[in-house]
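Participant: pasted the sequence and its predicted model underneath.
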Amino acid sequence: MGALNIPEEDIKKIVKGCGGLPLALKVIGSSLCGRSEEEWHCRLTEWSGGQFICSSDTELLGQLQKSLEFQDDKFIKDCFMDLGSFPEDQRIHAAALIDMWAELYELDEDGIHAIANLQELTTRNLANLVMARKDASEVKSYYNEDFVTQHDILRELAMHESSQEPIEQRARLIMNISENKLPKWWTEQKQQLINARILSISTDELFSLSWCNIQAPKVEVLVLNFQTKNYTLPEFVEKMDELKVLIVANYGFFHAEISNFQLLGSLLNLKRIRLEKVLISSLCKTHVPLKSLKKISLFMCNIDKAFENCTIQVSNALPNLIEISIDYCVDLVELPVGLCDIFHLRKLSITYCHKLVALPEGTGKLVNLEVLRFRSCTDLSKLPETIRGLSKLRILDISDCLSISKLPKHIGELCNLKVLNMKGCLSLRNPLPESKIDLKQLMLVVCDKERAKLWEPIKEFLTELKVEVAEIDIDLNWLPM
């Protein structure tokens, strides 16, 4: 389609109608981009003769609401409204959204479609997706370092859209509780039945009340945001029979102790748990196995005792767990031995855990493991020789593990290994093990220039192998806002 011939005068009217506000210009401008001349004209006729229609937040919300007219693409609007489940002025981790949308909308588990949706929202200036630079081995697979930001007015817009229906009919129920001021409907004796699929409750540092009861049997995603030093899971969680995703995030300055994990034992459909910046005394204090749980994500948590003090063995408590993600957990020194007995585990990702020094020999028992990642675990000095037993392993990521000086002697027995990321392994100067020549399926090695030389002698034997020299990347996106 050729360029539209929009009169300059009409463009000026749109700019004036947006009150010159950058946010309004970005969002409304992107909603008109590529539209027909008739659609531009219709938008102008909706506005009163050149007056400023965005002179207040209320008026701005009203105009931005028009940008949510996605025609037949209701799904993108749903994704936008879901962002309102997270607190304002905070980063929203892409991994949390991937967990939500994988269960709510049955999207792929690797996050490709979720990221595509976030990119679409970014194109429409309704959110801002910040992505870390990806090595070739990470494209389409690793999004734990990516996050989303959103303007406060856009979050208000998402919440406004979600609140248009009566409480009992809303698909999303989003509650922001300041101090101890609970909504009137929640404190009434006669409880309303909530039919929302997403329930988000945010409390501030002054919240001190005991939880009131709530009836929400259809909730599939529960997001609990808080700022207090101690936090207790609400007892009404125990009756959320359809709950699939639990996200608990602490936005206070210090780690907060979280308790009442035993309530989760009654949730037969719970598939994903994500905990952020909390101190966990034990994840397995329940006599009932979490048979449906597929994934646990721990971000900036104190987890030294998380897999200890268990009433039953970790492998029995989490019999069908297939993914564990542990990021920025600075008190993790040794990987708990009990994790090595989780037979169905397919993905184990531990990143930026700088005190991690040792892996148990039992790591080799994780025979179904497909992805093993120890990214930026700077004190980790070696991989156990027993990983030779991981015959299904496809991706091994030891990037920025500064202390690893050699690869396991029998690494060649990883017969299905396709990708090895060893970027930033500055201590790895020894010759590669002789068994390297048996890595017949290896297609990609990511490393720096010095480590690339170690692979040169065997390139003629592994004809499909590509050695990619990673660029030096200084990225400060991980720093707190």
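Facilitator: Everything's here; your move. Numbers count the residues shown, from 1 in each chain.
Participant: what's the local residue count around residue 331?
Facilitator: Taking other C-beta atoms under 10 Å as the neighbour definition, residue 331 ends up with a count of 15. For every residue, glycine as well, the C-beta is placed using N, CA and C.
Participant: same check on the one 4 residues further on?
Facilitator: Burial of residue 335 is recorded as 24 neighbouring residues (other C-beta under 10 Å).
Participant: roughly how far does the nearest residue to residue 241 once chain neighbours are set aside sit from residue 130?
Facilitator: Counting by C-beta to C-beta, 6 or more residues apart in numbering, the nearest residue to residue 241 once its immediate chain neighbours are dropped is residue 217, at 5.7 Å. For residue 217, the distance to residue 130 under the criterion C-beta to C-beta, to the nearest Å works out to 37 Å.
Participant: and residue 454, by the same measure?
Facilitator: Taking C-beta to C-beta as the measure, residue 454 and residue 130 are separated by 34 Å.
Participant: looking at these two, which is more packed in?
Facilitator: When neighbours are counted by other C-beta under 10 Å, residue 454 and residue 130 differ, and residue 454 comes out ahead with 19 against 15.
Participant: got the contact list for that one?
Facilitator: Applying C-beta atoms under 8 Å, 6 or more residues apart in numbering to residue 454 gives the contacts 428, 431, 432.
Participant: again, only using 10 Å
Facilitator: Contact partners of residue 454, counting by C-beta atoms under 10 Å, 6 or more residues apart in numbering, are 407, 422, 428, 429, 430, 431, 432, 436, 445, 447, 467.
Participant: got these as CSV, with secondary structure and pLDDT columns?
Facilitator: Compiled in CSV, the contacts of residue 454 are given as follows (DSSP: H, G, I helix; E, B strand; the rest coil; pLDDT from 0 to 100):
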residue, secondary structure, pLDDT
407, coil, 94
422, coil, 94
428, coil, 91
429, coil, 86
430, coil, 84
431, coil, 87
432, coil, 90
436, helix, 90
445, strand, 94
447, strand, 92
467, strand, 92
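Participant: please save the CA atoms from the host helix or strand of residue 76 in CSV.
Facilitator: Using DSSP states H and E, the secondary-structure element containing residue 76 is helix 74-82. Extracted in CSV, the C-alpha atoms of helix 74-82 (Å, rounded to 0.1, in the frame of the first residue of the first chain):
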residue,chain,number,x,y,z
LYS,A,74,-9.0,-9.1,21.1
PHE,A,75,-6.1,-11.4,22.3
ILE,A,76,-3.6,-8.5,22.2
LYS,A,77,-6.0,-6.4,24.2
ASP,A,78,-6.3,-9.2,26.8
CYS,A,79,-2.5,-9.3,27.1
PHE,A,80,-2.4,-5.5,27.6
MET,A,81,-5.0,-5.7,30.3
ASP,A,82,-3.1,-8.5,32.0
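Participant: mind listing the strands for the stretch 251-400 of the chain?
Facilitator: 256-259, 272-276, 278-280, 295-299, 323-327, 347-351, 371-373, 395-397 (DSSP state E, counting those that start in this stretch).
Participant: right, I'll call it a day here.
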